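S.K.: Build me a model:
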Amino acid sequence: MLSRPGLGVLDLCRELELPEPEVRACLDRLAELTLLRESREEPGRLRVLSLEVALDVMLRRQEQDVLRQQQRLTAAKLEAARVIAERAERRPRDDGTPGADVMLGLDAIQERLELLAKDLRGECLAVMPGGAQSQASLDASRPLDEEAMNRGVELLTLYQDSVRNDPATLDYARWMSEAGGQVRTAPLLPPRFLVFDRRIAVVPLDPENTRRGALCTREPAVVATLCALFFQAWETAVPLGNGRTGCGLTTSEKLLLKLLAGGLTDDAAAKRLGVSLRTVRRQMSSLMERLNARSRFEAGLKAAQMGWI
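M.R.: As a prediction, this is how the structure comes out:
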């Protein structure tokens, strides 16, 4: 119709070798899209819009559709926020303790963990004692861990040494390590707990039966204590697939000392090792404490004297 403006319906059927019902259906569709209009010069005859005008009309229509969709989405978010706020106001504290909520059953725990994982910004600390983890637990954790690591969240997980004998848990731990998480193992661990961004902690109501439920708390004293407990266990744990060297250092710690002694900055060393800047600084802080050094220069001297580098 653009190239042959004078063609009527029957002409189009002959030119396109299409049956009349199909041609009329196409014309109806073009009219619905406002790409076909009635001629002002010849009433009763339809004329097709030029390509430039047609594209402009279609783009403006799509913009209007997107705008309406955004308006519906905004309205839905506001309604969801209102319902959530209303429910939060009505929800009683299960244990009467300010800043703490009790979650009963695995479903309630899973729902809360999904919400906490969604709000994660920097770091999640996890202690997973008991050796082999259930397949259901691993399956539930994987999408949450993957989404968090994709956002740059640092995941630090402690397992017991016995997981090295369980293929499913070991595969999961290796997947986490390869995806950017940090996994260490130790022969003995504190009871199971999680800490989100060092602000919120989740601990089981019964460490012997974690299916019963869990306590979610924001109490600063409780969270700080659990963080201290975690890093105390973390420093003595062994990285997965990265054993201790003869001098008592992990391979990554020894390499870090060599890089920093060679003049690299923390940021450059982090990029070379493929870890975050926060991890490098935490490792270096641990090394300085073990060397009883007050400065990095002193730490380098003592490490060299001890034959570590």
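S.K.: Only C-alpha atoms from now on, for both contacts and neighbour counts.
M.R.: Noted.
S.K.: in this structure, which spans are helices?
M.R.: For the chain, helices defined by DSSP state H occupy the ranges 9-16, 20-32, 51-90, 106-119, 135-150, 167-179, 220-236, 251-261, 266-273, 277-291, 296-305.
S.K.: Would you mind putting these into TSV with mean pLDDT and distance to Phe196 alongside?
M.R.: Listed next are the helices of the chain as TSV, based on pLDDT from 0 to 100; distance: least, C-alpha to C-alpha, whole Å:
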stretch	mean pLDDT	distance to Phe196
helix 9-16	89	65
helix 20-32	89	53
helix 51-90	77	20
helix 106-119	80	7
helix 135-150	81	11
helix 167-179	82	17
helix 220-236	88	9
helix 251-261	73	25
helix 266-273	77	23
helix 277-291	81	16
helix 296-305	75	30
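S.K.: hey, which of these is tucked in deepest?
M.R.: helix 251-261 (a mean of 18; mean count of other C-alpha atoms under 10 Å).
S.K.: by contact count, what packs against that helix?
M.R.: Applying 3 or more C-alpha pairs under 8 Å, 6 or more residues apart in numbering; DSSP states H and E, we find helix 251-261 packed against helix 266-273, helix 277-291.
S.K.: Looking at the ones you listed, which is nearest to Lys77?
M.R.: Of all the helices and strands packed on helix 251-261, it is helix 277-291 that lies closest to Lys77, at 34.6 Å by C-alpha to C-alpha.
S.K.: what about the helices of the chain, which gets the closest to Leu158?
M.R.: helix 220-236 (7.1 Å).
S.K.: Just tell me which of the helices and strands packed on helix 251-261 ends up closest to Arg68.
M.R.: For those, the distance to Arg68 is smallest for helix 277-291, at 43.3 Å, taking C-alpha to C-alpha.
S.K.: what distance separates that closest one from the centre of its chain?
M.R.: Helix 277-291 sits 26 Å away from the centroid of its parent chain (C-alpha atoms, centre = their mean, to the nearest Å).
S.K.: which other residues reach it?
M.R.: Here helix 277-291 makes contact (C-alpha atoms under 8 Å, 6 or more residues apart in numbering) with 235, 253, 256, 266-267, 269-270, 294-296, 299, 302-303.
S.K.: how does it look with 7 Å?
M.R.: 266-267, 270, 299, 302 (C-alpha atoms under 7 Å, 6 or more residues apart in numbering).
S.K.: Turn the helices of the chain into TSV, columns for distance to Thr210.
M.R.: Supplementary listing: the helices of the chain in TSV, determined by distance: least, C-alpha to C-alpha, whole Å:
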stretch	distance to Thr210
helix 9-16	71
helix 20-32	60
helix 51-90	25
helix 106-119	8
helix 135-150	11
helix 167-179	18
helix 220-236	18
helix 251-261	34
helix 266-273	36
helix 277-291	30
helix 296-305	43
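S.K.: how about those helices, which one is nearest Glu208?
M.R.: helix 106-119 (14.5 Å).
S.K.: by contact count, what packs against that closest one?
M.R.: Counting by 3 or more C-alpha pairs under 7 Å, 6 or more residues apart in numbering; DSSP states H and E, the packing neighbours recorded for helix 106-119 are helix 135-150, strand 213-217.
S.K.: Out of the ones you listed, flag the one nearest Leu240.
M.R.: helix 135-150 (17.3 Å).
S.K.: Now do the closest one against helix 106-119, angle only.
M.R.: 10 degrees (axes from the mean of the first three to the mean of the last three C-alpha atoms, to 10 degrees).
S.K.: Only alpha carbons, please: show helix 135-150 as PDB.
M.R.: Extracted in PDB, the C-alpha atoms of helix 135-150 (Å, rounded to 0.1, in the frame of the first residue of the first chain):
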ATOM      1  CA  GLN A 135      19.800 -31.800  50.200                       C
ATOM      2  CA  ALA A 136      16.600 -29.800  50.900                       C
ATOM      3  CA  SER A 137      18.700 -27.200  52.900                       C
ATOM      4  CA  LEU A 138      21.300 -27.000  50.100                       C
ATOM      5  CA  ASP A 139      18.500 -26.600  47.400                       C
ATOM      6  CA  ALA A 140      16.800 -23.800  49.400                       C
ATOM      7  CA  SER A 141      20.100 -22.000  50.000                       C
ATOM      8  CA  ARG A 142      21.500 -22.000  46.500                       C
ATOM      9  CA  PRO A 143      19.300 -19.400  44.800                       C
ATOM     10  CA  LEU A 144      19.600 -17.100  47.700                       C
ATOM     11  CA  ASP A 145      23.400 -17.400  47.800                       C
ATOM     12  CA  GLU A 146      23.800 -17.100  44.100                       C
ATOM     13  CA  GLU A 147      21.600 -14.000  43.900                       C
ATOM     14  CA  ALA A 148      23.500 -12.400  46.800                       C
ATOM     15  CA  MET A 149      27.000 -13.100  45.300                       C
ATOM     16  CA  ASN A 150      25.800 -11.700  42.000                       C
END
